[in-house]
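J.: Could you work out the structure for the sequence below:
(chains A and B)
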Amino acid sequence: MTSLAADKPVPRAARFNVGVALMFAVLALVPFAAAFGPESYVLGLVTRVMVFAIAALAVDFLCGFGGLVTFGHAAFVGLGAYTVAIAGAHGVTDMTVTLPLALIVSAAFAYVTGTICLRTNGVYFIMITLAFGQMAYFIAGSLAPYGGDDGITLPTRSTLFGLAVFGNDRALYYATLGFLVASYLLCRAVVYSRFGRVFRGARENPTRMATIGYDVFRYQRVGYVIAGSLGGLAGFLLANAAEFVSPAYMSWQRSGELIIMVLFGGLGTLYGAIVGAASYLLLEEGLAGLTENWKLIFGPLLVIIVLFARGGLVGLAASVRARFSRD
Amino acid sequence: MSFTLLLIQTLNGLQFGVLLFLIAAGLTLVFGVMDFINLAHGVQYMLGAYLAVMFYAWTGSFVLALILALLAALAFGLLLEFTVFRQLYDRDHLEQVIATFGIIIFLNQGVKVVWGAAPLNLPIPDGLAGVVTLMPGLTYPVWRLVIIASGLIVALILYFLVSQTRVGMLVRAGATHARIVSALGVDIRRLFMIVFGFGTMLAAFAGVMIAPILSVEPGMGDSVLILAFVVIVIGGIGSMRGAFIAALLIGLVDTLGRSFMIDILRLVMPPSPARTVGPAIASMLIYVLMALVLYFRPAGLFPAKGRS
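T.: Model prediction:
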């Protein structure tokens, strides 16, 4: 299995650049533009995009840098979301409690399942992460007091010291943007740290890393816990954005979509995950508005992107740029 | 939990296992020999069922419908191989997953457009629609027995083909050393095409056989696909014997778990929580099994020799 991400020691694409700053700036300006149109629709849609961008970042961190292809990452999103919903059902809505709780629950799940999953590699790793994702999915479906298969509506969005800070959509939007920027910067910092070098080294050649003296398994497990917590964060935000939680958040199709988003944008670039989540969800939304049978277009489009746009949209942009700068 | 119920559920589990084997056999061959993850294998099963319904409506004969559906599914599978999959063999597993996922999305919607979103039915062939008395007080549908028998026959044929014929030898060699086989002068592309076509027909066959007892609807291949992957991972990728044993194991564990989990739990907990927890544990059982198998044997129960 060849590696998809750039095999350079430090992927240049992930370095901070003007493009990324511009992307966040545009996201920060969206609410002002939205005020002139269907504001709540646009805010809701872009908030959802940013939530999934955080989850996709986590997947890119694992797949693109650690070489760990996870097919069960939706479980972490679901865990974060269910933590908010279940705490809410018991009258606890303050985010000073629910947010740390969501992070701890998903981190703990990542620690336990990571300990087991990381014994395997390659396709077997994909399948065992799927197995744990499915287990979480069925457990969520069996939580009869919390809606079972039908899901559960949140009593209210999370509060901060009793204040309904997420009361208006704009506040939630900027909070989500803040979390997205923070997650991006965190992933970037981790990838370039000493830890990140070992983590990336383990993707390139685990045997060599072990020979040098690193306990590859423990590094990978820490990476898995980081990615799991980010998934939990996305879940916390998703529950707040939708004000509803259901087992469908954890289905294997959701996990698959997260991988597709990352590949869409370009694996191993971090900001590609954000671009990918945005283009995937917006494309889905746009095509769905166009025709009832949008999947007839969307499916072949995925095939075409794989066949003709290697490295995703980010890779495509880079190759176009390279062509122009050569002239 | 009476003895007859246990026996009936065991037979149901066996029937489910055989069905899973038919799908997993093609998947493990394609995966093992070509190192190609074909998520679209599940839609071949769905397509087989839909084609059988269509051809049955035209011809009024189940056997004719079966044959025509298999041929049509084969033709369609080869068309897909020729236009899309062929470009994907050298690609990364992730890219294969995305492209074949795109094909699933397309075909699930495609059958909805062509045949409608409502579930369709295929009648059981005349003479096989009744029940048979296996022992006093125990009757069982004939068609389910036919499914079990046909699955076992296919397994025997596959065993013969893989272990006794020249093509089978090449397939086994290709599963572990595809490049060496190619270097020895075997047209590996043609071998791939034969294997692929065969796998497609097996999946379609499973779809046709199950159509009379399940409703034929869009997306019916998705859940079965994931189960087939569970089967080939537990069995060891590329291993036909592993796929067979794992398929029966999964079929039995899943079916028996769903029927008896609540009763088993009631032995250790009060009835009310048992009724809540039981179904969840039953649905999780096969995934727990897979996680356990992979924990203790990270390459499955019967890893194909030479694969790491």
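J.: pretty sure B:F76 contacts B:L47?
T.: Yes - using CB atoms under 8 Å, B:F76 makes contact with B:L47 at a distance of 6.5 Å. Every residue, glycine included, has its C-beta placed from N, CA and C.
J.: Now for residue 68, how many residues are close by?
T.: Looking at chain A here, since you left the chain open. 24 (other CB atoms under 10 Å in any protein chain shown).
J.: The intended chain is chain B.
T.: 19.
J.: Kindly report the same for A:A322.
T.: If we define neighbours as other CB under 10 Å, then A:A322 has 9 of them.
J.: name the element it belongs to?
T.: Assigned by DSSP states H and E, A:A322 belongs to helix A:312-326.
J.: in that helix, what's buried?
T.: Residues A:312-315, A:317-318 are the ones in helix A:312-326 that count as buried (16 or more other CB atoms under 10 Å in any protein chain shown).
J.: Over in the stretch 1-150 of chain A, which residue gets nearest chain B? Let me know.
T.: A:S142 (3.0 Å; CB to the nearest CB).
J.: Thought B:V277 was touching that residue, still the case?
T.: Yes - counting by CB under 8 Å, B:V277 is a contact partner of A:S142 at 6.6 Å.
J.: which of these two has more neighbours?
T.: More crowded of A:S142 and B:V277, by other CB under 10 Å: A:S142, with 20 against 17.
J.: Angles on the backbone of that one, please.
T.: Dihedral angles of A:S142 (phi, psi; degrees, to the nearest 10) stand at phi -90, psi 0.
J.: For B:D126, the count of nearby residues, please.
T.: B:D126: 9 surrounding residues under other CB under 10 Å.
J.: Report whether it is found in a strand, as I expect.
T.: No - counting by DSSP: H, G, I helix; E, B strand; the rest coil, B:D126 is not found in a strand; it is coil.
J.: Would you mark the buried spots in the lengthiest helix in chain A?
T.: With secondary structure taken from DSSP state H, chain A has its longest helix at helix A:216-242. Neighbour counts using 16+ other CB under 10 Å place A:216, A:219-242 of helix A:216-242 among the buried residues.
J.: follow-up on the earlier one: now flag whichever of the buried residues of helix A:312-326 is closest to chain B.
T.: Taking the buried residues of helix A:312-326 together and measuring to chain B by CB to the nearest CB, the closest member is A:G312, at 10.0 Å.
J.: Which stretches in chain A count as helices?
T.: Here chain A has its helices, by DSSP H, at A:18-34, A:39-60, A:66, A:74-89, A:95-117, A:123-141, A:169-192, A:194-204, A:206-212, A:216-242, A:252-265, A:271-290, A:295-308, A:312-326.
J.: oh sorry, the question was meant for the stretch 1-150 of chain B
T.: B:3-34, B:41-59, B:62-83, B:93-115, B:142-164 (DSSP state H, counting those that start in this stretch).
J.: report the angle between the axes of the helix holding A:A322 and helix B:93-115?
T.: Orientation check (axes from the mean of the first three to the mean of the last three CA atoms, to 10 degrees): helix A:312-326 against helix B:93-115 gives 120 degrees.
J.: Provide a list of residues in contact with the residue in the stretch 151-300 of chain A positioned nearest to chain B.
T.: Per CB to the nearest CB, A:G299 is where the stretch 151-300 of chain A lies closest to chain B, at 2.9 Å. By CB atoms under 8 Å, 6 or more residues apart in numbering or on different chains, the contact list for A:G299 reads B:102-107, B:109.
J.: Now it. Nearest residue, chain neighbours left out?
T.: Once flanking residues are discounted, A:G299 sits nearest to B:F106: 2.9 Å by CB to CB, 6 or more residues apart in numbering or on different chains.
J.: now B:L68
T.: In this structure, B:L68 finds its nearest non-sequential neighbour in B:F55, 4.3 Å apart by CB to CB, 6+ apart.
J.: measure that neighbour to chain A for me?
T.: Relative to chain A, B:F55 is positioned 24 Å away (criterion: CB to the nearest CB, to the nearest Å).
J.: low pLDDT regions in the chain?
T.: Looking at chain A here, since you left the chain open. Counting by pLDDT under 70, chain A has low-confidence residues at A:1-16, A:311, A:325-327.
J.: oops, I was thinking of chain B
T.: For chain B, the stretches with pLDDT under 70 are B:1, B:304-308.
J.: and A:G148, how many neighbours does it have?
T.: With other CB under 10 Å as criterion, A:G148 counts 17.
J.: Which positions in the stretch 1-150 of chain A make contact with chain B?
T.: For the stretch 1-150 of chain A, the residues in contact with chain B (CB under 8 Å from any CB of the partner chain) are A:1-4, A:63, A:69, A:116, A:119-121, A:123-124, A:126-128, A:130-132, A:134-135, A:138-139, A:141-142, A:144.
J.: at 6 Å instead, please
T.: Residues of the stretch 1-150 of chain A lying near chain B by CB under 6 Å from any CB of the partner chain: A:1-2, A:4, A:116, A:119-120, A:124, A:127-128, A:131, A:134-135, A:138-139, A:142, A:144.
J.: Farthest-apart pair in these, please.
T.: Taking CB to CB as the measure, those span a maximum distance of 46.7 Å, between A:T2 and A:A144.
J.: higher neighbour count, those two?
T.: A:A144 (15 against 8).
J.: Relative to B:R166, how far out is the more buried one?
T.: Per CB to CB, to the nearest Å, A:A144 is found 57 Å from B:R166.
J.: ok, now A:L163?
T.: 76 Å.
J.: And B:F82, by the same measure?
T.: In terms of CB to CB, B:F82 sits 24 Å off from B:R166.
J.: hmm, back to that, tabulate the buried residues of helix A:312-326 (a markdown table), appending distance to B:F3.
T.: As requested, the buried residues of helix A:312-326 are exported to a markdown table (distance: CB to CB, whole Å):
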| residue | distance to B:F3 |
| --- | --- |
| A:G312 | 58 |
| A:L313 | 61 |
| A:V314 | 62 |
| A:G315 | 62 |
| A:A317 | 67 |
| A:A318 | 67 |
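J.: which of these lies closest to A:V30?
T.: Using CB to CB, the buried residues of helix A:312-326 come closest to A:V30 at A:L313, 19.3 Å.
J.: Which residues of chain B lie near chain A?
T.: B:84, B:87, B:92-93, B:95, B:98-99, B:102, B:105-106, B:109, B:113, B:233, B:276, B:280, B:283-284, B:287, B:290-291, B:294-295, B:298.
J.: For burial, what's the neighbour tally of the closest residue to A:V105 other than its chain neighbours?
T.: Nearest residue to A:V105 in three dimensions, chain neighbours excluded: A:T83, at 5.0 Å (CB to CB, 6+ apart). Neighbourhood size, A:T83 [other CB under 10 Å]: 26.
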